[in-house]
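S.K.: I'd like to go over a predicted model; first the sequence, then the structure.
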Amino acid sequence: MSSRKPRIRTISGTVKKGYEPSENFNSVPWPLIAVAMALITWGAYTLFTTANYAEDTPTEVVSSSGNAENSLADNQEEPDHSLGEALFVTNCSTCHQVNGAGMRDAIPPLAGSPFVTAEPAVMASIIIRGIEGPIEVKGTTFDGKMPTFASALDDDEIAQIVNYARSRWGGGDGTILSAQTVETLKSRYGPSFEPWNGGSELHSVFPSVASKSNETANGETATSEELAQ
């Protein structure tokens with residue numbers, strides 16, 4: 001038998017000898033290539049700019065009201081006076097009361113007192129040395145005795161009490177007393193820590209007390225509600 005190549009009949013009806021099936025190569029249309037390149041370029045640009053924005057934009061905590069600007073302001077925390085308050089209650093409230101109102105004709109109030117509203121070193125010096133003898137606060141003279149706390153409280157504890165008391169009853173000027181300043185005052189007054197001789201000695205050492213006393217004398221007397229704040 002002789003080998004013969006297969007005959008393939010085409011659609012037109014003609015017969016081709018030795019036909020080998022093959023697939024013609026069709027090029028991709030250039031508009032499709034242009035669209036694909038444009039999408040790739042846009043995607044890369046978007047990814048790059050989004051990454052930069054995420055790095056440069058500060059994190060904002062949105063409040064329940066949805067105002068991010070107010071939330072950022074709220075994050076600026078006020079000084080924490082909780083330790084100072086606890087120390088005050090433990091060491092000072094027996095005489096000055098928790099509300100700082102003191103005791104009538106016996107213990108001077110803290111609210112509106114020139115010894116509290118003056119520079120913080122004044123109150124710290126009183127806590128360190130104590131005081132005995134007459135002292136005038138808001139038109140009333142008190143003649144009691146306050147012991148020294150120089151040994152009972154460390155430098156930081158005295159600073160915490162002063163900062164708490166001044167933030168609550170001292171007008172809130174924002175001046176913060178440091179433990180280092182208390183240490184300096186202790187070195188100045190120690191080791192005997194003789195009590196202050198009434199308000200007159202404090203007036204002579206701290207001019208700011210006299211200034212605050214004059215302001216109080218020229219102003220209105222604090223009400224009982226103010227003393228209880």
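M.R.: Thanks, I have it.
S.K.: tell me the spacing between His96 and Pro31.
M.R.: Between His96 and Pro31 the computed distance is 88 Å (Cβ to Cβ, to the nearest Å). (Glycine included, C-beta is placed from N, CA and C.)
S.K.: the two: which is more packed in?
M.R.: His96 (22 against 8; other Cβ atoms under 10 Å).
S.K.: Ser138: how many residues sit nearby?
M.R.: Not quite, residue 138 is Lys, not Ser. Lys138, neighbours per other Cβ under 10 Å, totals 17.
S.K.: wait, isn't it in contact with Leu110?
M.R.: No - taking contacts as Cβ atoms under 8 Å, Lys138 lies outside contact range of Leu110: 10.7 Å.
S.K.: and for Ser125, nearest residue in space, chain neighbours not counted?
M.R.: Leu185 (5.8 Å; Cβ to Cβ, 6 or more residues apart in numbering).
S.K.: what about Thr90, how many residues nearby?
M.R.: Neighbour tally, Thr90, other Cβ under 10 Å: 12.
S.K.: pLDDT value on it, please?
M.R.: We have a pLDDT of 96 for Thr90.
S.K.: for His96, list the residues it contacts.
M.R.: The neighbours of His96, taking Cβ atoms under 8 Å, 6 or more residues apart in numbering as the test, are Gly102, Ile107, Pro109, Leu110.
S.K.: now, the most widely separated pair of the residues you listed?
M.R.: Pairwise distances across those peak at 9.5 Å for Ile107 and Leu110 (criterion: Cβ to Cβ).
S.K.: the two: which is more packed in?
M.R.: Comparing Ile107 with Leu110 by neighbour count (other Cβ under 10 Å), the higher total belongs to Leu110, at 25 against 18.
S.K.: how about the more buried one: what's its closest non-neighbour residue?
M.R.: Excluding its sequence neighbours, the residue lying closest to Leu110 (Cβ to Cβ, 6+ apart) is Gly100, at 3.8 Å.
S.K.: show me where the protein dips below the pLDDT cut-off.
M.R.: Applying pLDDT under 70 to the chain flags residues 1-28, 45-77, 171-172, 211-229.
S.K.: what about the strands in it?
M.R.: Listed in chain order, the strands of the chain (DSSP state E) span 7-9, 15-17, 131-132, 135-137, 140-142, 145-146, 196-197.
S.K.: quick one: strands adjacent to the fifth one?
M.R.: Each strand pairing with strand 140-142, determined using DSSP bridges, is listed with its direction: strand 135-137 (antiparallel).
S.K.: what sits up against the partner strand?
M.R.: Against strand 135-137 from outside (Cβ under 8 Å, 6+ apart): 108-109, 112-115, 141-143, 198-199, 202, 213.
S.K.: ok, and the most crowded of the residues you listed?
M.R.: Going by other Cβ under 10 Å, Ser113 tops these with 28 neighbours.
S.K.: ok, and the closest non-adjacent residue to it?
M.R.: Take Ser113 and drop its neighbours on the chain: the residue closest to it by Cβ to Cβ, 6+ apart is Val137, 4.9 Å away.
S.K.: count of neighbours near the one you found?
M.R.: When neighbours are defined as other Cβ under 10 Å, Val137 has 22 of them.
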